[in-house]
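Chemist: here is the input, now give the coordinates:
(one chain, ligands or ions: 1)
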Amino acid sequence: MANQDDQFKKVVAHSKEYGFIFQSSEVYDGLAAVYDYGPYGSELKKNIKEYWWKSMVQMNENIVGIDAAIFMHPKTWKASGHVDAFNDPMIDNKQSNKRYRADQLVEEYVENKVMKKANKEIEKARKRFGDAFNEEEFKTTNPRVMGYLEKSKSILTRLNTSLTNEDLEDVKALIEELEIACPECGSREWTDVRQFNLMFNTQLGTIAGEAGKLYLRPETAQGIFVNFLNVQKSTRQKIPFGIAQIGKAFRNEIVARQFIFRMREFEQMEMQFFIRPGTQKEWYEHWKEARMKWHQALHPASKLRFHDHEKLAHYADAALDIEFEFPFGFRELEGVHSRTDFDLTQHQEMSGRKIQYFDPELNESYVPYVMETSIGLDRMFLATLSTALQDETVPDADGKDSTRRVLKLHPALAPIKCAVLPLLKNKEELTSKAREIFDKIKFSFNCQYDEKDAIGKRYRRQDAIGTPYCITIDFETLDDNMVTIRDRDTLKQERISIDQVEEIVLKKIDMRQLF
Ligand code: ATP
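Modeler: Modelled structure (predicted):
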C-alpha cells in the first residue's frame with residue numbers, strides 16, 4: 001500500500017513539474033476536481049484520442065464520428081432519465097459541514113473496518129502455511145474470517161436493497177448502527193440522507209424560469225441518440241453500424257478525489273453501436289473482447305480485468321466495466337453497456353417523432369438496440385501515465401550507476417517524438433547545424449530543440465517527458481553528416497546519417513504497431 005501511495009504521489013508531482021497536468025485556477029488556490037492539461041499533457045491526450053478514433057472510426061467502415069454540442073434541449077435529459085434518476089445519495093456531517101456520498105461511507109467502512117481484518121488473517125495464515133496454503137479453503141473454514149466475510153456481505157446487501165428501494169432512511173440507520181464517524185472530524189452527527197442530482201445546470205438567456213433551464217451534458221451518448229436518424233440517413237449506413245464521439249461531460253460529483261480519476265469536468269470517448277433487437281448478446285461479447293484487446297495493445301493483461309455489474313442501470317440488460325490497476329487499486333476505466341432500445345424509444349416518445357430504422361433485409365421497421373462502449377479519456381490518460389512512469393538504475397556517462405526517472409510511453413503516444421540537441425551551446429556551427437536538422441523534420445512529428453545544460457541533463461529531461469529518441473549533433477557531424485541517435489529505453493547510441501533520422505523516427509512512432 002505504501003508503495004502504491006508513493007507511486008500515486010509521484011505521478012501527481014511529475015504531472016505538475018513536467019507540464020502534463022495543472023490544478024485549474026491554481027493562482028486562486030485551485031478549483032476542486034477540475035484540472036488543466038499542460039503542453040505535454042495536451043499532446044499525450046491528443047495522441048490517446050487519435051488511437052481511439054483510428055481504431056473506432058477509421059478502421060471500421062461501419063462506424064462514423066460526430067461532434068455534438070454540449071448543450072442539448074432540456075427534454076433530452078428528461079427522456080434519458082437523468083433529470084429524475086441521475087442521483088447519488090448524499091449526507092452531511094453537522095460538525096464539519098463536510099459532504100459525503102452515503103453509499104461510499106458504508107463501502108469504505110466495509111473495506112477498512114471489516115475486510116481489512118479478514119485480509120490480515122488471510123495474510124497471517126499464508127505466512128504460517130507457506131506453499132501449502134489454500135486461500136479458498138481457509139476462507140470457507142476459518143470461523144473468524146467467515147464471520148468478517150459474512151458481516152461484509154450482509155452490510156452491502158442491506159445497502160444495495162435500501163438504495164434500490166430508495167429507502168434513504170434505512171441508509172442513514174445503517175450509518176448510525178455501524179457508528180460511522182466523519183473522516184474529517186470524527187463526529188457521528190449526521191443529517192438525513194438526500195438524493196443529489198449530478199447534473200450542472202445553467203440558464204438560457206432568452207427564456208426566464210424553469211423553461212429556460214439548460215444542463216451541461218453528463219454524458220456524450222445522448223448527442224449520438226438524438227442524431228441517430230440524421231447520421232443514418234446522411235451516411236446511408238445499414239444496421240449494424242456505430243456512431244462515435246469524443247467530448248466533454250460534466251458531473252457535479254459529491255466527492256471528487258484521486259486527481260484526474262474523478263473530475264467534475266472530464267472527457268469521454270463513447271461509441272453507440274446500433275443493432276437488430278435480439279442480437280445484443282453476440283454484440284456484447286464482440287465489443288467486450290474488442291475493447292479489452294485495444295487496452296492490451298498498450299498495457300499488460302495483468303493490469304486489466306472485467307467486472308460484471310450486478311446492479312444494472314435503468315437502461316441496461318447487461319453491463320460490465322473494464323477495470324484497470326491504478327496506483328490506488330483496480331477501478332473502472334471503461335464501461336460496456338447493452339442499453340437495449342431504451343434511449344431511442346424514450347426520445348421517440350418525448351419528441352413525438354418516429355425514430356426507427358427500416359431494415360431492407362427483414363422488410364420491417366424497428367427501434368434499434370444499442371451496444372455502448374464508454375471510456376473516460378482522463379482515466380485512460382492516468383492509466384497510461386502511471387504505468388509509464390518508472391525509476392530506473394542506469395549507468396551514467398562515467399559508467400557509474402545513477403537513477404533516472406523515465407516515462408516509458410508507447411512512442412506512438414509520446415508528446416515529443418524526437419529531441420534535437422547540439423552538443424555545445426556556444427558553438428555556432430553546431431547550433432546552426434542542429435537548427436537545420438530541426439527545421440527539416442519538425443513538420444513530420446513533434447520535435448524539441450534544446451541546447452541548455454550538459455548533454456546528460458538534457459537526456460534526463462527528455463526521459464522524464466517520454467521522448468523516444470534524442471539526436472545529438474557534435475563536431476564530427478560537420479565533417480561526416482552523421483548524428484548520434486539515442487534510444488530512450490535501451491539507452492543505445494548509434495551513429496546514423498542525417499538523412500535517415502526522419503525515417504527511423506517515423507517507423508518507431510507508427511501507430512500501426514498498436515493494431
Ligand atoms: P463511476 O462508477 O466511477 O462513477 P460511472 O459508472 O458513473 O463511473 P459511466 O457513466 O459508465 O461511469 O461513464 C463512462 C466512463 O466515463 C467511465 O468508465 C469513466 O471512465 C468515465 N467517467 C465517469 N465519471 C467520471 C468522472 N467524474 N471523472 C472522470 N471520468 C469519469
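
Chemist: going by C-alpha atoms from here, please, whenever you check contacts or count neighbours.
Modeler: Fine.

Chemist: next one: residue 69 from residue 272, what distance?
Modeler: 17 Å (C-alpha to C-alpha, to the nearest Å).

Chemist: give me the more crowded residue out of the two.
Modeler: residue 272 (25 against 12; other C-alpha atoms under 10 Å).

Chemist: over to that one. Which of the three states is it?
Modeler: strand (DSSP: H, G, I helix; E, B strand; the rest coil).

Chemist: test my guess that it contacts residue 369.
Modeler: No: with contact defined as C-alpha atoms under 8 Å, residue 272 does not reach residue 369; the gap is 9.7 Å.

Chemist: now what about the strand or helix carrying residue 148, what contacts it?
Modeler: Assigned by DSSP states H and E, residue 148 belongs to helix 143-164. By C-alpha atoms under 8 Å, 6 or more residues apart in numbering, the surrounding residues in contact with helix 143-164 are 103, 106-107, 110, 114-115, 117-118, 121-122, 139-140, 168, 170-171, 174.

Chemist: which strands and helices sit next to the host helix or strand of residue 295?
Modeler: Assigned by DSSP H and E, residue 295 belongs to helix 280-296. The contact analysis (3 or more C-alpha pairs under 8 Å, 6 or more residues apart in numbering; DSSP states H and E) places helix 280-296 against strand 329-340, strand 369-376.

Chemist: comparing the ones you listed, which comes out most buried?
Modeler: strand 369-376 (a mean of 25; mean count of other C-alpha atoms under 10 Å).

Chemist: need the helices and strands packed on helix 280-296 in a markdown table with distance to residue 459, can you?
Modeler: Below are the helices and strands packed on helix 280-296 laid out as a markdown table (distance: least, C-alpha to C-alpha, whole Å):
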| stretch | distance to residue 459 |
| --- | --- |
| strand 329-340 | 32 |
| strand 369-376 | 32 |
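
Chemist: compare those and give me the one nearest residue 360.
Modeler: strand 369-376 (16.6 Å; C-alpha to C-alpha).

Chemist: and the closest residue to residue 67 other than its chain neighbours, bridged to which residues?
Modeler: Once flanking residues are discounted, residue 67 sits nearest to residue 245: 6.0 Å by C-alpha to C-alpha, 6 or more residues apart in numbering. Beta-bridge pairing of residue 245 under DSSP bridges involves residue 66, residue 270.

Chemist: residue 245 and the ligand, how far apart?
Modeler: Here residue 245 is placed at a distance of 13 Å from the ligand (C-alpha to the nearest ligand atom, to the nearest Å).

Chemist: what about that residue, how many neighbours?
Modeler: Neighbours of residue 245 (other C-alpha under 10 Å): 23.

Chemist: show me which residues of stretch 462-471 are buried.
Modeler: 462-471 (16 or more other C-alpha atoms under 10 Å).

Chemist: kindly report the same for stretch 95-102.
Modeler: 99-102.

Chemist: follow-up on the earlier one: quick check, distance from the very next helix or strand once past the helix holding residue 295 to the centre of its chain.
Modeler: Going down the chain from helix 280-296, the next helix or strand is strand 304-308, by DSSP H and E. For strand 304-308, the distance from its own C-alpha centre to the chain's C-alpha centre is 15 Å (C-alpha atoms, centre = their mean, to the nearest Å).

Chemist: can you show me the CA trace of the helix or strand following strand 304-308 as PDB?
Modeler: Once the chain leaves strand 304-308, the next helix or strand it forms, by DSSP H and E, is strand 318-326. What follows is strand 318-326 as a C-alpha-only set of coordinates in PDB (Å, rounded to 0.1, in the frame of the first residue of the first chain):
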ATOM      1  CA  ALA A 318     -26.200  -6.400 -19.400                       C
ATOM      2  CA  ALA A 319     -23.200  -4.300 -18.400                       C
ATOM      3  CA  LEU A 320     -19.600  -4.700 -17.400                       C
ATOM      4  CA  ASP A 321     -16.600  -2.500 -16.500                       C
ATOM      5  CA  ILE A 322     -13.100  -2.900 -17.800                       C
ATOM      6  CA  GLU A 323     -11.100  -2.200 -14.700                       C
ATOM      7  CA  PHE A 324      -7.500  -1.000 -14.600                       C
ATOM      8  CA  GLU A 325      -5.000  -1.300 -11.800                       C
ATOM      9  CA  PHE A 326      -4.400   2.300 -11.000                       C
END
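
Chemist: adjacent strands (with direction) for strand 318-326?
Modeler: Strand 318-326 is paired, per DSSP bridges, with strand 304-308 (antiparallel), strand 329-340 (antiparallel).

Chemist: among these, which is nearest residue 257?
Modeler: That would be, of these and by C-alpha to C-alpha, strand 329-340, which comes in at 13.1 Å.

Chemist: contacting residues around the helix or strand that comes right after the closest one?
Modeler: Per DSSP H and E, the first helix or strand lying C-terminal to strand 329-340 is helix 342-351. Helix 342-351 is contacted by residues 75-76, 79-80, 222, 225-226, 315, 354-355, 367-368 when judged by C-alpha under 8 Å, 6+ apart.

Chemist: what's near enough to touch the residue nearest the centre of the chain?
Modeler: With distances taken as C-alpha atoms, centre = their mean, the residue of the chain nearest its centroid is residue 379 (1.8 Å). Taking C-alpha under 8 Å, 6+ apart as the criterion, residue 379 is in contact with 260-261, 333.

Chemist: nearest to the ligand, out of the strands paired with strand 318-326?
Modeler: strand 329-340 (3.7 Å; C-alpha to the nearest ligand atom).

Chemist: do that closest one and the ligand meet at all?
Modeler: Yes: applying C-alpha under 6 Å from any ligand atom, one finds strand 329-340 touching the ligand at 332-335.

Chemist: which bits of the chain sit near the ligand?
Modeler: 261-264, 266, 268, 332-335, 374-376, 378-379.

Chemist: if we use 5 Å, what do you get?
Modeler: Residues of the chain found near the ligand (C-alpha under 5 Å from any ligand atom) are 262-263, 333-335, 374-376.
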